[in-house]
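Participant: Kindly return the folded structure for what I paste below:
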Amino acid sequence: HVQLVESGGSSVRPGGSLRLSCAASGYTYNRNCMAWFRQAPGKEREGVARIATGSGNTYYADSVKGRFTISQDNAKIILYLHMNSLKPEDTAMYYCAADYCWMDSKNFRNWGQGTQVTVS
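Facilitator: Residues are numbered from 1 along each chain as shown. Predicted structure coming up:
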């Protein structure tokens, strides 16, 4: 049974930084992909960043490229999202997700409960 638990969300001023964490358990980490999504009120869920946990290859949405960095710890059991130069439009609930790399991230089957980021 895969469990993903996000933390690190907070309220920050525009231009500020945050680091989100996602602790994974019950998950075959090295052979799969993990991703961060976000959803703002009244908007569709948006893929933010994705990492292949074995190769370390990453993908970023254009809206966050150059500002956000997805990474994993050496033991590969915690996923991070480093967020810099935050903007009000980054305000959303942020979710961690995980599954096979061959799957479209939006169809990942394992999700955390989310952590709120507010930029104002």
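
Participant: Let me see the ranges of the strands in the protein.
Facilitator: Taking DSSP state E, the strands of the chain run over residues 3-7, 11-12, 18-25, 33-39, 46-52, 58-60, 68-72, 78-83, 92-99, 110-111, 115-119.

Participant: For those strands, give me a markdown table that also has mean pLDDT.
Facilitator: A markdown table is the format used below for the strands of the chain (pLDDT from 0 to 100):
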| stretch | mean pLDDT |
| --- | --- |
| strand 3-7 | 94 |
| strand 11-12 | 98 |
| strand 18-25 | 94 |
| strand 33-39 | 96 |
| strand 46-52 | 95 |
| strand 58-60 | 96 |
| strand 68-72 | 96 |
| strand 78-83 | 96 |
| strand 92-99 | 96 |
| strand 110-111 | 94 |
| strand 115-119 | 98 |
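
Participant: need those strands in a markdown table with mean neighbour count, can you?
Facilitator: For glycine as for every other residue, the C-beta is placed from the backbone atoms N, C-alpha and C. Listed next are the strands of the chain as a markdown table, based on neighbours: other Cβ atoms under 10 Å:
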| stretch | mean neighbour count |
| --- | --- |
| strand 3-7 | 17 |
| strand 11-12 | 14 |
| strand 18-25 | 19 |
| strand 33-39 | 23 |
| strand 46-52 | 20 |
| strand 58-60 | 15 |
| strand 68-72 | 18 |
| strand 78-83 | 21 |
| strand 92-99 | 22 |
| strand 110-111 | 16 |
| strand 115-119 | 17 |
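
Participant: Nearest the geometric middle of the protein, what residue?
Facilitator: By Cα atoms, centre = their mean, the chain has its centre lying nearest to Trp36, at 2.2 Å.

Participant: what's the nearest residue to Asn57 if we skip its chain neighbours?
Facilitator: Take Asn57 and drop its neighbours on the chain: the residue closest to it by Cβ to Cβ, 6 or more residues apart in numbering is Ile51, 7.0 Å away.

Participant: I figured Pro88 was touching Val119, is that so?
Facilitator: Yes - in this structure, Pro88 is within contact of Val119 by Cβ atoms under 8 Å, at 5.0 Å.
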